[in-house]
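**Student:** Quick one: sequence and predicted model below, then my questions.
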Amino acid sequence: MKLLAVHILALPVYFTVIYNKQMAGRKRELFSNLQELGGPSGKLSLLEVGCGTRANFKFYPSGCTVTCVDLNPNFKKFLFKSSAKSRHLQFERFVLDMHQVADGSVDVVVCTLVLCSVESLEQILREVLQVLRPRGAFYFIEHVAADHSTWNYFWQQVLDPVWYLVFDGCNLTRKSWKVLEQAPLSWALVWPHIYGHPVK
């Protein structure tokens with residue numbers, strides 16, 4: 001039983017490593033114009049929601065100032081210990097709540113594989129809009145529910161209850177694009193993975 005528990009706990013790490021390798025090209029493409037969004041000073045201020053294992057840090061431009069927000073306080077220790085791997089960035093601070101970030105204070109908000117597990121998509125989007133400066137951008141990559149007529153969607157439904165438990169509240173069948181389309185942002189969606197960078 002103990003061995004089984006260890007294997008189950010290792011699953012998210014295993015999938016994360018594979019996923020990050022497969023998505024590296026998409027992330028490089030998505031984040032390629034980040035440097036152009038710096039404020040009047042020319043310096044880019046970035047807030048990452050759900051920073052986790054820092055998988056996105058290598059795609060951020062040099063000199064970028066990064067603030068991380070994550071509900072899990074254990075990631076703070078991990079971030080500071082591994083900061084040597086991201087010396088091209090200026091790590092500003094770690095916060096547990098977006099309300100700790102001043103309104104209109106960041107150029108970019110990044111959110112990858114987070115919207116699938118939050119309680120309220122609407123609340124997260126309101127908070128993103130609040131902290132973004134005018135003409136600031138929201139960058140995201142999220143997996144979403146497949147088309148209902150496909151086998152992919154069938155298996156998403158079958159696996160969803162176990163997936164939710166193993167992957168810390170992740171929903172395989174969430175239709176995140178429906179809420180994102182209603183946000184007052186200018187952009188286009190690409191899915192069943194959706195990604196983009198709408199501008200405030």
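**Tutor:** It's in. For clarity, every value in this text was computed on a predicted model and none was experimentally measured.
**Student:** could you pull out the helices for the protein?
**Tutor:** Listed in chain order, the helices of the chain (DSSP state H) span 2-30, 74-81, 121-131, 151-166, 176-182.
**Student:** Make a markdown table out of those and add mean neighbour count and distance to Leu115.
**Tutor:** Heads up, the C-betas are built off the backbone N, CA and C, glycines and all. Compiled in a markdown table, the helices of the chain are given as follows (neighbours: other C-beta atoms under 10 Å; distance: least, C-beta to C-beta, whole Å):
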| stretch | mean neighbour count | distance to Leu115 |
| --- | --- | --- |
| helix 2-30 | 12 | 15 |
| helix 74-81 | 14 | 18 |
| helix 121-131 | 18 | 6 |
| helix 151-166 | 14 | 14 |
| helix 176-182 | 16 | 5 |
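**Student:** would you turn those helices into a markdown table with mean pLDDT?
**Tutor:** Shown next, in a markdown table, are the helices of the chain (pLDDT from 0 to 100):
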| stretch | mean pLDDT |
| --- | --- |
| helix 2-30 | 65 |
| helix 74-81 | 69 |
| helix 121-131 | 92 |
| helix 151-166 | 78 |
| helix 176-182 | 75 |
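**Student:** which one of the ones you listed lies closest to Asp103?
**Tutor:** Minimum separation from Asp103 across the helices of the chain (C-beta to C-beta) falls at helix 121-131, 5.3 Å.
**Student:** Tell me the confidence at Ala188?
**Tutor:** Listed pLDDT for Ala188 reads 50.
**Student:** What of His99?
**Tutor:** For His99, pLDDT reads 92.
**Student:** Chain neighbours aside, what residue packs nearest to it?
**Tutor:** Glu127 (7.5 Å; C-beta to C-beta, 6 or more residues apart in numbering).
**Student:** hang on, isn't the one you found packed against Met98?
**Tutor:** Yes: if you go by C-beta atoms under 8 Å, Glu127 and Met98 touch, sitting 4.2 Å apart.
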